[in-house]
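Asker: Mind looking at a prediction? Sequence and model below.
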Amino acid sequence: MITTILSIFITLAVMVLIAKPSGIYLAKAFDYKKTGLDKVFGPLENLLFKLSGIKKVNQSWKQYALALILTNGFMIILVFAVFRLQGVLPLNPSGNPGMEPTLAFNTAISFMTNTNLQHYSGESGLSYLGQMIGILFMMFAAPGTALAVAIAFVRGLSGREIGNFFVDLFRAITRVLMPVALVTGLIFVALGVPQTLEPSITAETIEGTAQEIARGPVGTFLSIKELGNNGGGFFGVNSAHPFENPNAISNFIQILLMFLLPAALPFTYGKMVGNFKQGRVLFVSMLMVFIVFLSTALFYEYQGNPALNALGIDTEQGSMEGKEVRFGTGQSIFYALVTTATETGAVNTMHDTLTPIGGMLALSNMLLNTVFGGVGAGFINVMMYAMIAVFLSGLMVGRTPEFLGKKIEGREMKLIAITMLMQPLLILGASAAALYTPLGTAAISNSGFHGVSQVVYEYTSSAANNGSGFEGLGDATPYWNITTGIVMYIGRFFGLITMLAVAGSLASKKLVPETVGTFRTDTPLFGVILVGTFFIVGALTFFPTLVLGPVAEYLTL
């Protein structure tokens, strides 16, 4: 237990140390002014711009949003075709057939929305071409899109031009995702992760039977899977598989990669608005919430199952059901909380077997979607809550709320309110429909309260673009493929567009001079109000659902 706590502390300490330098680098990478990075990446980017006909002209928020939707829509259609036709396309040594239409629909949307929800088994569902052209391609494009929008959003808040979507997308890939993924990919390969285009091999076991061992270009897949907060596994059991997560060092690196960009973005924001205190308040607020969630989850996971304890069964090592013995209880729940806090969705344990409270906290990370959040989209969600906190504070003192020197008025609050309501509408509406119809309830593998948790977790994971699941749910059916696909698409793009509109509206407003009555957003007091807003809004929206699921399950153990 002490060793586990020490390893978690070291991981969090390293994350805190690299967050600010990484945030400063991100701000420089997307700066349209000349920087030293242009000498390194400029020639490649200029060549790509020339070949694709991209011109470095600023767009309005509407043009930026249209470019975002059309580009992502085209990529969804392209990879859908690859999935459907993979049976007759090259690089398919295992002879995998083309995907069933609803599964191809779900998978294309899943990976283009940074969700990576997988209703297929990784090693048996896709050819190498499908993995590389379909999945790996989108694992760069999807986080690149979200990171581009986040930077454009911050530009708008700071009163600058929104920028150009295509320039930002290219820079996200060439200056951020590709370099880090290349280096970490080589590290993973050195640690024993396979990197080959050869087909599966047949090995003879000690018992004398034949065993098919899947392999492939896993090293390159794994690095961007974690860095881009993608989370989809090359293998069906994801990072519990020894080829995707060979040892404690690879586990440590994966957690750091999941944290890297979400933890850096608050400091990027502080750098771009010219006030590092702003970013520090956001970072510390999210870190405190994460530590509270993690500590609570660790406590309950190490308590084990009360029913087993009552029977005198030793659970000193905590609840080991569904956990990889190489990592144990502590690193399993730590990974589960990190992956749900950062919108990644990778797993090194079966979330369906977490204790009710451990599962509830993983679920709560996604319901709030503000405990760091993912690459770009999650950070925009955090900023939405920051504006809500400012608005509520303004109401309490009778002043028009201001954020970064701009008045937040009716137009902005209407857009924010609609954005805030969309996630509960998607999650609770889709869950209610699934629990009502036989097409939905037929997938539930556990009756009672845990069955409710399985359904709510699946749609929460979809709406929050996380992708992890309570895998006891039989979700590989047309009903679940179609409904989760719709939820993923709306959950991803609706909020990005409405918050771009908010940024565009604020960018056009004049600065309001700061006075003694201005509510400062770079103080510990604002951090406390922000955290309170997280929980007040979250509790009012989702607490009844949590009571019907994990809380009721815990009370009946």
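Answerer: That came through, no problem. Numbers count the residues shown, from 1 in each chain.
Asker: so the residue nearest the centre of the chain, which of the three states?
Answerer: In the chain, the residue lying closest to the centroid (CA atoms, centre = their mean) is residue 343, at 1.8 Å. Following DSSP: H, G, I helix; E, B strand; the rest coil, residue 343 is assigned to coil.
Asker: residues in contact with it?
Answerer: By CB atoms under 8 Å, 6 or more residues apart in numbering, residue 343 lies in contact with 114, 229, 262, 366, 369, 373-375, 377-378, 464-466. (Glycine included, C-beta is placed from N, CA and C.)
Asker: Tabulate those residues in TSV, adding columns for secondary structure, neighbour count and distance to residue 512.
Answerer: TSV is the format used below for the contacts of residue 343 (DSSP: H, G, I helix; E, B strand; the rest coil; neighbours: other CB atoms under 10 Å; distance: CB to CB, whole Å):
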residue	secondary structure	neighbour count	distance to residue 512
114	coil	32	35
229	coil	37	35
262	helix	27	31
366	helix	28	36
369	coil	30	30
373	coil	29	28
374	coil	33	32
375	coil	31	32
377	helix	28	29
378	helix	29	29
464	coil	31	34
465	coil	32	34
466	coil	33	38
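Asker: JSON lines please, covering the residues you listed and showing pLDDT and distance to residue 19.
Answerer: Formatted as JSON lines, the contacts of residue 343 follow (pLDDT from 0 to 100; distance: CB to CB, whole Å):
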{"residue": "114", "pLDDT": "92", "distance to residue 19": "21"}
{"residue": "229", "pLDDT": "93", "distance to residue 19": "15"}
{"residue": "262", "pLDDT": "96", "distance to residue 19": "9"}
{"residue": "366", "pLDDT": "94", "distance to residue 19": "22"}
{"residue": "369", "pLDDT": "88", "distance to residue 19": "19"}
{"residue": "373", "pLDDT": "85", "distance to residue 19": "14"}
{"residue": "374", "pLDDT": "83", "distance to residue 19": "15"}
{"residue": "375", "pLDDT": "87", "distance to residue 19": "14"}
{"residue": "377", "pLDDT": "85", "distance to residue 19": "18"}
{"residue": "378", "pLDDT": "89", "distance to residue 19": "15"}
{"residue": "464", "pLDDT": "93", "distance to residue 19": "22"}
{"residue": "465", "pLDDT": "92", "distance to residue 19": "22"}
{"residue": "466", "pLDDT": "92", "distance to residue 19": "21"}
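Asker: List the contacts of the residue lying closest to the residue nearest to the centre of the chain once chain neighbours are set aside.
Answerer: Using CB to CB, 6 or more residues apart in numbering and skipping residues adjacent in sequence, the residue nearest residue 343 is residue 374, 2.6 Å away. By CB under 8 Å, 6+ apart, residue 374 lies in contact with 114, 143, 146, 229, 262, 342-344, 465-466.
Asker: okay if I get the contacts of residue 343 as a markdown table plus distance to residue 518?
Answerer: Listed next are these as a markdown table, based on distance: CB to CB, whole Å:
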| residue | distance to residue 518 |
| --- | --- |
| 114 | 36 |
| 229 | 35 |
| 262 | 29 |
| 366 | 34 |
| 369 | 29 |
| 373 | 27 |
| 374 | 32 |
| 375 | 32 |
| 377 | 29 |
| 378 | 28 |
| 464 | 33 |
| 465 | 35 |
| 466 | 37 |
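Asker: which residue lies farthest from the center of this protein?
Answerer: Largest separation from the mean C-alpha position in the chain: residue 208, at 42.9 Å (CA atoms, centre = their mean).
Asker: got the contact list for it?
Answerer: With CB under 8 Å, 6+ apart as the criterion, no residue contacts residue 208.
Asker: and what of residue 362?
Answerer: 297, 336-337, 340, 351, 354, 468.
Asker: 10 Å instead, please
Answerer: Counting by CB atoms under 10 Å, 6 or more residues apart in numbering, residue 362 touches 293, 297, 333, 336-341, 347, 351, 354, 457, 460-461, 466, 468, 470, 550.
Asker: Any regions of the chain where pLDDT drops low?
Answerer: Applying pLDDT under 70 to the chain flags the ranges 122-124, 304-319, 398, 517.
Asker: how near is residue 244 to residue 136?
Answerer: 14 Å (CB to CB, to the nearest Å).
Asker: Neighbour count: the two, which is higher?
Answerer: The residue with more neighbours, out of residue 244 and residue 136, is residue 244; 26 against 22, by other CB atoms under 10 Å.
Asker: Surely residue 72 and residue 141 touch.
Answerer: Yes. In terms of CB atoms under 10 Å, residue 72 counts as a neighbour of residue 141; the distance is 7.8 Å.
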